[in-house]
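Chemist: I would like the atomic coordinates for the input below:
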Amino acid sequence: MTVRRAPGEVRLIGGQWRRSKLPVADRPGLRPTPARVRETLFNWLGQDLSGWRVLDAFAGSGALGFEAASRGAADVRLLEWDAQLVASLQASRTRLGATALQVERADALAWMTRAAPGSFDLVLLDPPFAASLSAPALVQAARLTGKGAYVYLEGAEPMKDWPAGLQLHRSLKAGAVHAQLFRHES
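Modeler: The predicted structure follows:
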């Protein structure tokens, strides 16, 4: 069995920091969202996220959150538990001058249970595949979004059931990644 290692860096693909690199630490379970999946996601959402409030739970490399900030999101919060990854995210934030982006060391699921309902326009969920966090994270993300807002979920398998109020908007499979974009309809 071949163990796939995380790449040493990922490139942002759009917005003001297009082509900028983010480091990717060699950490267990860390696998950044592939560039073609990120490109598809932001094509679905539209390239301009001006004014959006975005939560990148389980941030890891920060590729999803930095892409949102690069495309004009007004407030992007990155949650990550691993202290080494938090330090890397903060260093990237400083290097790029990403003032709309905040990095917080936190257990993403616990943080989401305390956050105010309806406080985000987009919640990005890419939990470790082996951690069985997709379903509970999706429940909390539904609570954190209001009508017309989006929830993106990436996992090893597609979700077959999701919380009331969310409707599957788009989906794709790329290699081992299943990506689903939900829209809050109620």
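
Chemist: Which secondary structure element of the chain has the lowest mean pLDDT?
Modeler: Sorting the helices and strands of the chain by mean pLDDT, DSSP states H and E puts strand 21-23 at the bottom, at a mean of 84.

Chemist: which residues of the chain fall in helices?
Modeler: 35-45, 63-70, 83-96, 108-114, 134-144 (DSSP state H).

Chemist: so Ala174 touches Pro34, yeah?
Modeler: Yes. Judged on Cβ atoms under 8 Å, Ala174 makes contact with Pro34 at a distance of 6.1 Å. Every residue, glycine included, has its C-beta placed from N, CA and C.

Chemist: what about the two, which has more around it?
Modeler: Pro34 (18 against 13; other Cβ atoms under 10 Å).

Chemist: ok, now which ones touch the more buried one?
Modeler: When contacts are counted by Cβ atoms under 8 Å, 6 or more residues apart in numbering, Pro34 touches Ala174, Gly175, Val177.

Chemist: Would you format the residues you listed as CSV with distance to Gln167 and pLDDT included?
Modeler: Conversion of these to CSV gives the following (distance: Cβ to Cβ, whole Å; pLDDT from 0 to 100):
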residue, distance to Gln167, pLDDT
Ala174, 22, 89
Gly175, 26, 85
Val177, 21, 86
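
Chemist: Would you mark the buried spots in stretch 112-130?
Modeler: Of the residues in stretch 112-130, 112, 115, 119-129 count as buried by neighbour count, 16 or more other Cβ atoms under 10 Å.

Chemist: one step back: note down every partner strand of the least confident helix or strand of the chain and its orientation.
Modeler: Using DSSP bridges, the strands paired with strand 21-23 are strand 9-11 (antiparallel).

Chemist: Please enumerate residues in contact with the strand it pairs with?
Modeler: Against strand 9-11 from outside (Cβ under 8 Å, 6+ apart): Arg19, Ser20, Lys21, Leu22, Pro23, Val24, Pro32, Ala35, Ser61, Ala63.

Chemist: Make a PyMOL selection of the buried ones in these.
Modeler: Typed into PyMOL, the line below selects the buried ones among the contacts of strand 9-11, using 16+ other Cβ under 10 Å:
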select buried, resi 20+22+23+24+32+61+63
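
Chemist: wait, which of the contacts of strand 9-11 is closest to Arg143?
Modeler: Using Cβ to Cβ, the shortest approach to Arg143 within those belongs to Ala63, at 24.7 Å.

Chemist: Enumerate every residue touching that closest one.
Modeler: Contact analysis of Ala63 by Cβ under 8 Å, 6+ apart lists Val10, Leu12, Leu22, Pro32, Thr33, Arg38.
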